[in-house]
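Asks: Next comes the sequence, and after it the predicted model I'd like to discuss.
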Amino acid sequence: MPQTIIDLLNNGKLANNKDKFRRGNVISLPAKGRVIFTGDIHGHRRNFERIVAFADLADNPDTHLVLQEIIHGGPEDSQGGCLSYNLLFDVVRYKLDFPDRVHIIMGNHDTAFVSDSSVMKNGREMNRSLLLAMEREFHEAGANIKNAIKNFLFAQPLAVRCENRIWASHSLPGDRLADKFDRAIFDRPLEDSDLVKPGSVYLLTWGRNISQQTLDKMAKLLDADIFILGHQPQPQGWKQAGENLIIIASDHNHGCLLPIDPAKSYTIAELIDAVVPLASIS
């Protein structure tokens, strides 16, 4: 079984890199069909099942699904270890079933896992919690599975761009460090140093409380009009956090998703009207 999981993750890494819509480290989607944006999932299996049911990719060949931040949260083992790696394995299987229509973008919990740095959630250091659970389940094979997870996460794209000028990424650089952000990360192979502070992938995935001034600067830099982000917790599942920013969360009972027509231009108000509560999906 451990080798099967390692093979799965290695195939997922290849699928990330070979995604036919990938241009550098950005997924550029055509003005056709439907795009579904989700927020952080953090091990919430039931919400992932609802997202899969809503997307119904098998019967909707022009639908694309954007996922993010699968690990860290959800079920625990008998000693409190984080079991979210099991959901990650299922998400990788889903990516392999629809390799050019499931797009998993990199989040800050992913960068922390790849770089072996700490990341806190609900008072726990989540990498330690996850790795201890993996060691208990997989024993000596745990280290090899850990490396395969790292390789898969490192191969994820950083953002999704639609022709209607909507941009989705886990976050954006925060105000204090925005001037240090280098957009070249979208066009070149990533390096380990990009994922740790003050690297630009770190800045992209860890930014919080972004001012309108910075949003306007990023819109010009990234040639986008509207941003759809995750990262910042939203108790009600979504929030308008600027004139051109919506934050989506998908990791709790009030979680949401946001479907759009990539051939249509949207106002923020129209996007808000399109938000779908995950609890409404059977």
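Replies: Right, received. Where do you want to start?

Asks: Find me whatever residue is spatially closest to I149, sequence neighbours aside.
Replies: Using CB to CB, 6 or more residues apart in numbering and skipping the chain neighbours, the partner closest in space to I149 is L9 (6.1 Å). C-beta coordinates here come from the backbone N, C-alpha and C atoms, glycine included.

Asks: quick one: secondary structure of F37?
Replies: Under DSSP: H, G, I helix; E, B strand; the rest coil, F37 falls in the strand class.

Asks: before we move on, what about S129?
Replies: helix.

Asks: quick one on the thing from earlier: doesn't the residue nearest to I149 fall inside a strand?
Replies: No: assigned with three-state DSSP, L9 falls outside any strand and is helix.

Asks: for whichever strand or helix holds K146, the distance to its chain's centre please.
Replies: Here K146, judged by DSSP states H and E, is contained in helix 142-154. Distance of helix 142-154 from the chain centroid (CA atoms, centre = their mean, to the nearest Å) equals 17 Å.

Asks: could you say what helices and strands it packs with?
Replies: helix 2-18, helix 84-97, helix 108-114, helix 126-138 (3 or more CB pairs under 8 Å, 6 or more residues apart in numbering; DSSP states H and E).

Asks: Contacts for the last one next, please.
Replies: Right, helix 126-138. 2, 71-73, 76-77, 79-85, 109, 112-113, 116-120, 142, 145-146 (CB atoms under 8 Å, 6 or more residues apart in numbering).

Asks: Let's see that with 7 Å instead.
Replies: 2, 71-72, 77, 80-85, 109, 112-113, 118-119, 142, 145-146 (CB atoms under 7 Å, 6 or more residues apart in numbering).

Asks: Mind checking the helices and strands packed on helix 142-154 for the one nearest to G255?
Replies: Closest of these to G255 is helix 84-97, at 14.1 Å (criterion: CB to CB).

Asks: Let me see the contact set for S265.
Replies: Here S265 is in contact with N164 (CB under 7 Å, 6+ apart).

Asks: And for S117?
Replies: V196.

Asks: Could you pull up phi and psi at it?
Replies: phi -100, psi 160 (degrees, to the nearest 10).

Asks: circling back to that earlier point, for the helices and strands packed on helix 142-154, which one sits closest to S282?
Replies: helix 84-97 (19.1 Å).

Asks: mind listing what's buried in that closest one?
Replies: By neighbour count with 16 or more other CB atoms under 10 Å, helix 84-97 contains the buried residues 84-92, 94-95.

Asks: Can you pick out the most distant pair from these?
Replies: Maximum distance among the buried residues of helix 84-97 (CB to CB): 16.1 Å, for S84 and K95.

Asks: and the contacts of helix 126-138, which are buried?
Replies: 71-72, 81-85, 109, 112-113, 119, 142, 145-146.

Asks: which among those gets closest to I226?
Replies: Closest to I226 out of these is H109 (24.5 Å), distances taken as CB to CB.

Asks: Tell me which residues touch the most centrally placed residue in the chain, please.
Replies: In the chain, the residue lying closest to the centroid (CA atoms, centre = their mean) is Q68, at 1.7 Å. Counting by CB under 7 Å, 6+ apart, Q68 makes contact with 38-40, 104-105, 107, 170, 230.

Asks: Swap in 10 Å and give it another go.
Replies: 37-42, 103-110, 156, 160, 168-171, 205, 229-231, 248, 250 (CB atoms under 10 Å, 6 or more residues apart in numbering).
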